[in-house]
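Student: Return a 3D structure for these sequence lines:
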Amino acid sequence: MIAINIDVKKIDKAALFIGKKGTYLNMTLMENREGVDQYGNEGFIVQDIGMARRQAGERGAILGNWKTVKPAQAQVPVKQVQAQVQADDEDESFIPF
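Tutor: Numbers count the residues shown, from 1 in each chain. The predicted model follows:
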C-alpha cells in the first residue's frame with residue numbers, strides 16, 4: 001500500500017481536465033534521488049501540467065510526498081481477549097459443545 005499526502009493548495013487548477021465522470025488531476029510519483037528521507041518518505045508527487053507546458057520550460061508543482069506502508073493488522077488487545085474468556089468461564093450456562 002502506498003500512502004500519499006498532498007497539499008491541495010498547490011494544485012494548478014489550469015492543469016485540471018474534465019473527463020466523462022468528473023474533473024481529473026494527473027500526478028506522477030517520483031522516487032527520492034537519495035532514498036528514504038528522515039520522515040520515511042520514499043518520494044514526492046509532481047502535478048502533470050501537459051506536454052506543451054513542459055516543452056515551454058514549465059515544471060509541475062511538487063504537491064507532496066509518498067511512502068510505502070504495510071497495512072495495519074487487525075489485532076484484538078490481550079486484555080479484551082482475557083476479559084471475554086473470563087466472562088465465558090463465569091457464565092455457567094455456557095456449554096462449549
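
Student: Please enumerate the strands of this structure.
Tutor: Using DSSP state E, the strands found in the chain span residues 2-6, 17-18, 23-24, 27-31, 43-47, 62-68.

Student: list the buried ones in the longest one?
Tutor: Within strand 62-68, the residues that qualify as buried are 63, 64, 65, 66, 67, counting by 16 or more other Cβ atoms under 10 Å. Placement of C-beta: from N, CA and C, glycine included.

Student: Show me what it is packed up against.
Tutor: On a contact count with 3 or more Cβ pairs under 8 Å, 6 or more residues apart in numbering; DSSP states H and E, strand 62-68 meets strand 2-6, strand 43-47.

Student: how about residue 5, what does it touch?
Tutor: Going by Cβ atoms under 8 Å, 6 or more residues apart in numbering, residue 5 touches 64, 65, 66.

Student: ok, how many other residues are close to residue 43?
Tutor: For residue 43, the count of nearby residues is 20 (other Cβ atoms under 10 Å).

Student: now the closest residue to residue 63 other than its chain neighbours: how far from residue 32?
Tutor: Among residues not flanking residue 63 along the chain, residue 6 sits closest, at 4.1 Å (Cβ to Cβ, 6 or more residues apart in numbering). Taking Cβ to Cβ, to the nearest Å as the measure, residue 6 falls 16 Å from residue 32.

Student: Quick check: which ranges of this structure have low pLDDT?
Tutor: Applying pLDDT under 70 to the chain flags the ranges 72-97.

Student: Can you tell me who residue 6 pairs with across the strands?
Tutor: Here residue 6 sits in beta bridges with residue 64, going by DSSP bridges.

Student: For it, list the residues it contacts.
Tutor: Neighbouring residues of residue 6 by Cβ under 8 Å, 6+ apart: 27, 45, 63, 64.

Student: what does residue 27 give?
Tutor: Residues near residue 27 by Cβ under 8 Å, 6+ apart: 6, 45, 46, 47, 48, 63.
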